[in-house]
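*Asks:* quick one, what's the 3D model for this:
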Amino acid sequence: MGTKTESERTYKIGFIFLDEIHHIFHFISIATELSKTQKVSILTYPSNHDLLRRSIKELDGDNITVEELPTSAFRSFTDRIKGRELPRKGFWIKKNKKYILKTFDAVVFTDYFHKYLLRDRKPGKTPKLLKFPHGTPGRAYAFNKSQLDFDFQLIIGNFQYQQYKEMGLLGNHPAITGYAKLDALKAKERNFSFGNKKPVVLYNPHFDPNLSSWKHEGLEVLDYFYNQEHFNLIFAPHLHLFQENKGGHKASEIPEKFYRKKNIHIDLGSLKSIDMSYLNSADLYVGDVSSQVYEFIITPKPCIFLNPNELQYENDFSFRFWKCGEVINSAKQLNEALTKATADFAKYRTVQKKITEENYYTEEGSTASERGAKAIISYLDKALA
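*Replies:* Numbering: from 1, shown residues only. Modelled structure (predicted):
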């Protein structure tokens, strides 16, 4: 099953990419599928864009055009002075909105920087604004009232659909198509090895200061693995944790001894931290509120969750992932939790499988990317008839 429809029209579709590299895998495979029959551009800022271009090549997306559009000269100057790697999105969109509004039939966002286009669209409400998720909906951030600004919503599974419906966030044109990130990463096997047979634990704290385990327990977690020899540890936090304007922490907080320990691997933001290499390689997951755990349990495996803030989470859907393993309040409980994690895993396996089925729609004979591209073309055929 491919992306072909009865459509005789060809649409110009622009994908806005102004974010960190972890957004790429959430749109690139659908962009590639669309480019087989449509005119697809990725609209971004001037840079090397090594991962973006490599991903396009791996997926045979030769028909995709990468358009590097500058922000204003003044904003570019101040960005350089302040050491910003990314342009400020609002200023970039303001600078390029006339071109975008005039050129494209549809524009895709993986985040919520669409307001300037929404306000200034043509009387016929074009281009259409399409919303992609940039991960598995888990915490409240994914359930943003701005969802209703979009003309079309790509939905990855039944849980997301039902939550949007119950919360009044479901627009007039949602399409449940599955998790395209998995298609984007199939082109190349990705993993990581310590070169020994010890079990591998992944510690993946989030950056949100109110929810992350790093501030209160992070160094204690690293100390535990430093002082034992049974496990290997991959410390790969959310990309934002050690960004000053996001998580607010500095890499200098991590003592050098942890980098020198052979059974500890630290990665604060390389490609492997976002391309599922560590998720595929780990035998156990230790985390807090990162939705990456949903990708980890696609193949059911033991999980442990840190709740140092002693949050009351039992009836909060934002903590649904904490049903997948034991929840502990302190790194002091880590040794006992790891000892029990594999032995007690049978009671969590069924829960994990059920959550994965709810999270990710699948269908025999087609990929999520093919279904997503087909749904977009079908929507545009009706909306722009």
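
*Asks:* every contact and neighbour count from this point should use C-alpha atoms.
*Replies:* Will do.

*Asks:* tell me where the stretch 51-200 of the chain has strands.
*Replies:* Along the stretch 51-200 of the chain, the segments classed as strands by DSSP state E, counting those that start in this stretch run 65-68, 106-109, 128-131, 152-155, 174-176, 200-204.

*Asks:* kindly reformat these as TSV containing mean neighbour count, distance to Ala385 and mean pLDDT.
*Replies:* Converted to TSV, those look like this (neighbours: other Cα atoms under 10 Å; distance: least, Cα to Cα, whole Å; pLDDT from 0 to 100):
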stretch	mean neighbour count	distance to Ala385	mean pLDDT
strand 65-68	16	25	98
strand 106-109	23	14	97
strand 128-131	24	13	97
strand 152-155	24	16	97
strand 174-176	19	18	98
strand 200-204	25	47	98
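
*Asks:* so what's Tyr203 up against?
*Replies:* Residues near Tyr203 by Cα atoms under 8 Å, 6 or more residues apart in numbering: 233-237, 285-287.

*Asks:* if we can go back for a sec, can you put the strands of the stretch 51-200 of the chain in JSON lines and add distance to Gln162?
*Replies:* What follows is the strands of the stretch 51-200 of the chain, written out as JSON lines (distance: least, Cα to Cα, whole Å):
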{"stretch": "strand 65-68", "distance to Gln162": "35"}
{"stretch": "strand 106-109", "distance to Gln162": "22"}
{"stretch": "strand 128-131", "distance to Gln162": "17"}
{"stretch": "strand 152-155", "distance to Gln162": "10"}
{"stretch": "strand 174-176", "distance to Gln162": "11"}
{"stretch": "strand 200-204", "distance to Gln162": "28"}
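
*Asks:* Tyr11: which of those is closest?
*Replies:* For Tyr11, the closest of the strands of the stretch 51-200 of the chain is strand 106-109, at 7.7 Å, according to Cα to Cα.

*Asks:* can you list the strands that that closest one pairs with?
*Replies:* strand 12-17 (parallel), strand 128-131 (parallel) (DSSP bridges).

*Asks:* which residues sit against that strand?
*Replies:* Outside strand 106-109, the residues that touch it by Cα under 8 Å, 6+ apart are 11-17, 126-132.

*Asks:* with just CA atoms, put it into PDB.
*Replies:* Extracted C-alpha coordinates of strand 106-109, given in PDB (Å, rounded to 0.1, in the frame of the first residue of the first chain):
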ATOM      1  CA  ALA A 106       0.100  23.300   3.200                       C
ATOM      2  CA  VAL A 107       2.700  23.800   5.900                       C
ATOM      3  CA  VAL A 108       3.700  21.200   8.500                       C
ATOM      4  CA  PHE A 109       4.700  22.000  12.100                       C
END
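
*Asks:* the helices in this structure, which residues?
*Replies:* For the chain, the helices defined by DSSP state H cover 28-34, 50-58, 73-81, 89-103, 115-120, 158-166, 181-184, 219-226, 256-260, 277-281, 292-296, 334-343, 346-359, 368-383.

*Asks:* taking those together, which one is wrapped up most tightly?
*Replies:* helix 28-34 (a mean of 26; mean count of other Cα atoms under 10 Å).

*Asks:* what average pLDDT does that helix get?
*Replies:* The pLDDT scores in helix 28-34 average 98.

*Asks:* which strands and helices sit next to it?
*Replies:* When contacts are defined as 3 or more Cα pairs under 8 Å, 6 or more residues apart in numbering; DSSP states H and E, helix 28-34 sits against helix 50-58, helix 181-184, helix 368-383.

*Asks:* so which of those comes closest to Thr78?
*Replies:* Using Cα to Cα, the helices and strands packed on helix 28-34 put helix 50-58 closest to Thr78, at 24.1 Å.

*Asks:* just want the angle from the closest one to strand 12-17.
*Replies:* Helix 50-58 and strand 12-17 meet at an angle of 140 degrees, taking axes from the mean of the first three to the mean of the last three Cα atoms, to 10 degrees as the criterion.

*Asks:* and the end-to-end length of stretch 283-302?
*Replies:* From its first residue to its last, stretch 283-302 covers 7 Å (Cα to Cα, to the nearest Å).

*Asks:* buried ones in it?
*Replies:* Buried residues in stretch 283-302, counted by 16 or more other Cα atoms under 10 Å: 283-298, 300-302.

*Asks:* tell me the contacts of the residue lying closest to Ile93 once chain neighbours are set aside?
*Replies:* Once flanking residues are discounted, Ile93 sits nearest to Tyr116: 7.0 Å by Cα to Cα, 6 or more residues apart in numbering. For Tyr116, the contacting residues are 90, 93-94, 97, by Cα under 8 Å, 6+ apart.

*Asks:* just to revisit the earlier point, so which of the helices of the chain comes closest to Gly247?
*Replies:* Closest approach to Gly247 among the helices of the chain (Cα to Cα): helix 219-226, 15.8 Å.
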